[in-house]
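>>> Below are the sequence and a predicted model; questions follow.
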Amino acid sequence: MLACFIQVFLEDAVYLKGRSDLLGLVIKTWHDFESGESDSEDEESTGPIGLQQVVVHWANGSAPETLHEDDLVVADRSFSHGDVVKRSPNDIMSGTVVDVKVELDLQRVCPPMNQFLGIDAKLVDFVQQFAVNTHVIYDGWLGVIEEVKDEVTVMLQDSSVCIVKDSNSLDLRDNIHDLSCFFPDSLEPGYAVCGPSRVFKNAEYIVGSYKPSHKQGYVLRAEVTSIIVNWLSFNPLALDQTPGVAPPPRHLDDFENIIVYKSVEQHCTYELLDRVKIVDPDTNKALGLKPFCPFLKSKATRLLCPDRMHNHASKFATEEMKVIGTKTKVTILWQDLSASEDVDSTTLVPYLNMDDQDVWPADYVLLKPGEVLIDEPGGVNFDRKKADMLGIVQSANAKDRTAYVKWFSEERDQGLEQEAEELSLYEIMSHPDLKFRMGDKVVISREREQSPLSDIAPRAPSVEDILSLVGRGNDIFNELIQEKIKVLKPRMPSTAELEVDPKTIERQGSVLLKRYGVEGVEALDRYISETNKMASKTIYSLVERGNPMKPTISDDVLATMNQHDQDLETIRTRLNWIGQIWKVYPDRPSALIRFMDGTTEEIPVGRIMVVEDDEDEEDEEGGEDDDEFEEYDFDGDEAEEETSENSWETDSGEDDDSMSELEEESETKLADESSKAEAKAEDPPTANGSSKEPLKSDETETVMVDPLPEPEQIGTSHGTNGSSRPQHEDWRSFIVLEETPMDHHFLSSGTGSGDKAWIKRIAKEHAILSSSLPEGILVRAFEDRMDLLRVLIQGPDHTPYRNALLMFDFKLPENFPNQPPIAYFHSWTGGIGRINPNLYEDGNVCLSLLNTWHGKDQTETWTPSSSILQLLISLQGLVLVPEPYYNEAGFEKFMGTKEAARNSELYNEKVYLLSLKTIQTLINNPPLSFVKEVRHFYFKKEKLEQVVIEGLELIARSEAASEVQEETEETETKTKTNRDSQDGEHKEKNGASKMAVDRISKGALKLLKKHIDTLSLSLEE
């Protein structure tokens, strides 16, 4: 296999070797994940890309090109604070970007096109403040701009000047390829444009008047007229004092009161051809810059300036420049706490496909559930004290897979313990609610009544959360209305009488609290506030429209105001509720937050809520209305949710009522056919042999041809069928049991039933399974539930699943085989992690044959001619593979890279430990239907002894390799040579190893010893 490095990454600024004058941007690489429409567009313009190829869009606007990585030189690589990087793709240790310095090369957009090189990016700002993806603050809400509408001022051929109200009615005349990423989203000064005569006829003329010849011109300026905003979060500091309100309108044009959120890392975001201006007065003075006229009379290539005197103070003057080059340097804090300052960004690479086990200094961690759930014969012991432990990572050793963690004291209020404990990365996990990265946008809530050291950090409330709360309040409100109607009967109550008096609600507070709980009362209060049925005092009345940046009034003056004015002043001037994480402290539970005005404040983590932009929320399901908030019907019933056939839900989603309303006759047939299948599976009933009843007059008999081959036509991949192999009584491949086990996942989903063809098809499937199952797959069917199956699959040799047994439950839906079986995987890893990319801890099974993963080849999907045998063979042969790392969606393209090879080794290490955990659980608590089989496999066939011996050998090899490595750390090459030599000696002595893991890290070694000790005790028993 060819080993290669990944050299070029997404959004790298590059140039061709020998052509440093022409820069381009990498917009697609061979190692990207498939991304839908954009990929098809790229393939249309450049064709499919192969190994080590990338697609480059050039700054001159020419057509995108597909080029080999070796043909390119990386000019710059952009990073932001909090990004995780490595020195090389196959390096083990990673680090976090803690500081970024960017220098820009700028050029004026219109003559004279002077260039200014090496400008500090912090002295620059975007010309257009209201752009797509920009965050804005309005009336106590934070949102992100989704769409911008603007008008442009255009100078025409005869020097007439007009304002075109809708810039979308104009086309670009500049030579920029349609598929280029540099094709502008909006028109900017300097662009050549054209349009039909009607556009210019309807325009507003500033200079001159309309002429039929007006069809093209140049943009003098662009001005935003309105924006559409997706609201993300409200101001918790304001809402703590006043009732909640619905988000502001999505469509905004009140620019005087819209605050553009300025990210403290904006200087990291500039790209080629971005329109910017220098905002630092000293820099402008030093460079001799001032607003200039974009069209000079002396330039023959441009039109005459409409201001004949070339008054540079006129409204046509501009300060715009475009970025023509960037240079980035970063400071890195590595996992081992060492630091590298002012590193050229092109010498670093982004950490792709981050390992789930990795942690970094100042990460908040918990013990994994597997470390607090201790399997014991007959049950599980839960260690509450361990489950409540919360720690902060001090440093990490990526090579050893260990980390030093300081734990909070048992009371937590007393802070961190003094001594750090060395733990395996497999023992700890990131806290699900305390995931902070430098640069994260956060909302600050008010100080809590409980300990400020509280480790609970809720996510910023989304609009969906608020609407859900309001919906709950609406239900409670309607209940109160209905109760009032009953009291007022028999006379018809008036509308006024039906209004709920706020004072009445306050007086009934204790009653409502007891009846609906705290959440119900809060929901009712929110609903009444949203619909203006209560509260005359809302944020809208408290926030005065005016200058939101007005200096804060001093405390002594504030104290002389009445409460309403105090609230007004406090809320209006308070902008320190939204900021960015600038530092997470490793020695205390707090973070340094940097606000928009440049000030910083240390905030306890319990008050920090990370804002998510909801970029991944899919609007495809029906497209959310732009007027969702204005038109939301708080009094209406919630729409019923539709469930997709191919959803990830493991449950079938079938109508339980239809399953339970079976006719007595159908049940009799089902039992009849089930017993026939058990007695003689190889002789399935004929099409008309199961029922001799005549068809009703309104029924039409349809003869369906089953595309599944007969059992005798199907053989196993091993060349011999299951029935021809001698089978032990406790290890039979296929059995029909009388009753479905109580722990079957689909037992409560309703009694399975189908028509005559459905019963016949299942009988045929049973016949095939009874005669053709390959070695290592056991199937159990059930007389009382013909629609259910339970399967046990033995992990194949040469994989990290060797000697592990994995169990699946299946349900055959009513429309089987037109739809595939529904699968559930029993994960026994104790919450430590997924044992395979296709097998989820919640039971989901991701496989194209189940239609839960859509493969490119249509033959991979389920069809009526597919069989359960085919499905089980796929699980054994395509899922339980020697290198399951590459089963992750899109990872197969990384095969052959050194980075992926290292990641695959680490993944196998994790899977091996999870397999041992699975074996431990199976032995202590064997599943129903397979109790005898588990004992036979691990004890009579001595597989458990084999597991223990192989584990002890792996421990010895790993410890020996660690000693050799410590003695020979001159070079990595020498170490690898010694390891390869030992590998050869070991394999010569013991023959080809059937294990997929040859050595493991120090962190994995710690857990391996614990597992082997536990399994050894089971062996002795």
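Received the coordinates, thanks.
>>> how about residue 259, phi and psi?
Backbone torsions for residue 259, taken as degrees, to the nearest 10, come to phi -100, psi 120.
>>> does it have beta-bridge partners, and which?
residue 137 (DSSP bridges).
>>> my read: it touches residue 140, true?
No. Between residue 259 and residue 140 there is no contact under CB atoms under 8 Å: 10.9 Å. For glycine as for every other residue, the C-beta is placed from the backbone atoms N, C-alpha and C.
>>> More neighbours: these two, which one.
Taking neighbours as other CB atoms under 10 Å, residue 259 and residue 140 compare with residue 140 leading, 26 against 15.
>>> Which pLDDT value belongs to residue 234?
Listed pLDDT for residue 234 reads 77.
>>> and stretch 126-140, C-alpha only, in PDB?
Output of stretch 126-140 as PDB, limited to C-alpha atoms (Å, rounded to 0.1, in the frame of the first residue of the first chain):
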ATOM      1  CA  PHE A 126     -14.800  44.700   6.600                       C
ATOM      2  CA  VAL A 127     -16.300  47.400   4.500                       C
ATOM      3  CA  GLN A 128     -19.700  45.800   4.500                       C
ATOM      4  CA  GLN A 129     -20.800  45.300   8.200                       C
ATOM      5  CA  PHE A 130     -24.000  43.600   7.400                       C
ATOM      6  CA  ALA A 131     -22.900  40.400   5.600                       C
ATOM      7  CA  VAL A 132     -24.200  36.800   5.600                       C
ATOM      8  CA  ASN A 133     -23.100  34.800   8.700                       C
ATOM      9  CA  THR A 134     -22.400  38.000  10.700                       C
ATOM     10  CA  HIS A 135     -23.700  38.000  14.200                       C
ATOM     11  CA  VAL A 136     -25.900  40.900  15.300                       C
ATOM     12  CA  ILE A 137     -27.500  42.000  18.600                       C
ATOM     13  CA  TYR A 138     -31.000  43.600  18.600                       C
ATOM     14  CA  ASP A 139     -33.400  44.200  21.400                       C
ATOM     15  CA  GLY A 140     -31.700  41.800  23.800                       C
END
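>>> Okay, buried residues for that stretch please.
For stretch 126-140, a neighbour-count test (16 or more other CB atoms under 10 Å) marks 126, 127, 128, 130, 131, 134, 135, 136, 137, 138, 139, 140 as buried.
>>> same thing with stretch 119-127?
So for stretch 119-127, counting by 16+ other CB under 10 Å, buried means 119, 121, 123, 124, 125, 126, 127.
>>> how much space between the last one and residue 270?
Counting by CB to CB, to the nearest Å, the gap between residue 127 and residue 270 amounts to 12 Å.
>>> Same question for the fourth one.
Counting by CB to CB, the separation of residue 124 from residue 270 is 7 Å.
>>> Now do the shared contacts for those two.
104, 276 (CB atoms under 8 Å, 6 or more residues apart in numbering).
>>> check which helix or strand covers residue 871.
Assigned by DSSP states H and E, residue 871 belongs to helix 868-874.
>>> So which elements touch that helix?
For helix 868-874, the elements it packs on are helix 756-772, strand 777-782, strand 788-794, judged by 3 or more CB pairs under 8 Å, 6 or more residues apart in numbering; DSSP states H and E.
>>> what's the closest of these to residue 1001?
Among the helices and strands packed on helix 868-874, strand 788-794 comes nearest to residue 1001, with 27.1 Å by CB to CB.
>>> ok, back up a step: ok, so of the buried residues of stretch 126-140, who is nearest residue 800?
Residue 800 has its nearest neighbour among the buried residues of stretch 126-140 in residue 135, at 44.7 Å by CB to CB.
>>> any idea how far the closest one lies from residue 609?
For residue 135 relative to residue 609 (CB to CB), the value is 15 Å.
>>> now residue 258
Going from residue 258 to residue 609 by CB to CB gives 22 Å.
>>> and for residue 127 and residue 270, which residues touch both?
residue 276.
>>> Can you give me the neighbour number for residue 956?
Counted by other CB under 10 Å, the residues lying close to residue 956 total 10.
>>> Contact partners for residue 56?
Contacts for residue 56 (CB under 8 Å, 6+ apart) come out as 14, 24, 25, 26, 27, 64, 65, 66, 67, 72.
>>> which of those residues has the most neighbours?
Among these, residue 24 has the most neighbours (other CB under 10 Å), with 28 neighbours.
>>> Now the phi/psi pair for that one, please.
According to degrees, to the nearest 10, residue 24 has phi -140, psi 170.
>>> can you pull the pLDDT of it?
Note on residue 24: pLDDT of 94.
>>> now do residue 642
Among the per-residue scores, residue 642 holds a pLDDT of 38.
>>> what do you get for residue 607?
Looking at residue 607, the pLDDT reads 83.
>>> and what of residue 348?
Listed pLDDT for residue 348 reads 95.
>>> Make sure it is actually in contact with residue 85.
Yes. Using CB under 8 Å, residue 348 is in contact with residue 85, at 4.5 Å.
>>> residue boundaries of the helices in the stretch 901-1021 of the chain?
Remark: helices assigned in the stretch 901-1021 of the chain by DSSP state H, counting those that start in this stretch are 931-935, 943-967, 972-990, 1002-1020.
>>> Going by mean pLDDT, which of these comes out lowest?
helix 972-990 (a mean of 45).
>>> Could you tell me which residues touch both of residue 348 and residue 85?
79, 330, 332.
>>> Compare those and tell me which has the most neighbours.
The most crowded member of the shared contacts of residue 348 and residue 85, judged by other CB under 10 Å, is residue 330 (27 neighbours).
>>> who's in contact with it?
Listed by CB under 8 Å, 6+ apart, the contact partners of residue 330 are 79, 85, 97, 99, 100, 101, 342, 343, 345, 348.
>>> can these go into CSV with extra columns for secondary structure and distance to residue 590?
Conversion of the contacts of residue 330 to CSV gives the following (DSSP: H, G, I helix; E, B strand; the rest coil; distance: CB to CB, whole Å):
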residue, secondary structure, distance to residue 590
79, coil, 26
85, strand, 26
97, strand, 21
99, strand, 20
100, strand, 23
101, strand, 27
342, strand, 28
343, strand, 28
345, helix, 30
348, coil, 29
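>>> Out of those residues, which end up buried?
For the contacts of residue 330, buried by 16+ other CB under 10 Å: 79, 85, 97, 100, 101, 343, 345, 348.
>>> Which one of those is nearest to residue 867?
residue 85 (48.3 Å).
>>> give me the number of residues near residue 879?
20.
>>> whoops, residue 789 was the one
Residue 789: 26 surrounding residues under other CB under 10 Å.
>>> Same check on residue 216?
16.
>>> likewise residue 118?
There are 10 residues near residue 118, going by other CB under 10 Å.
>>> Same check on residue 115?
Close neighbours of residue 115, defined as other CB under 10 Å, add up to 11.
>>> which of the residues in the helix holding residue 871 are buried?
Going by 16+ other CB under 10 Å, helix 868-874 has these buried residues: 868, 869, 871, 872, 873, 874.
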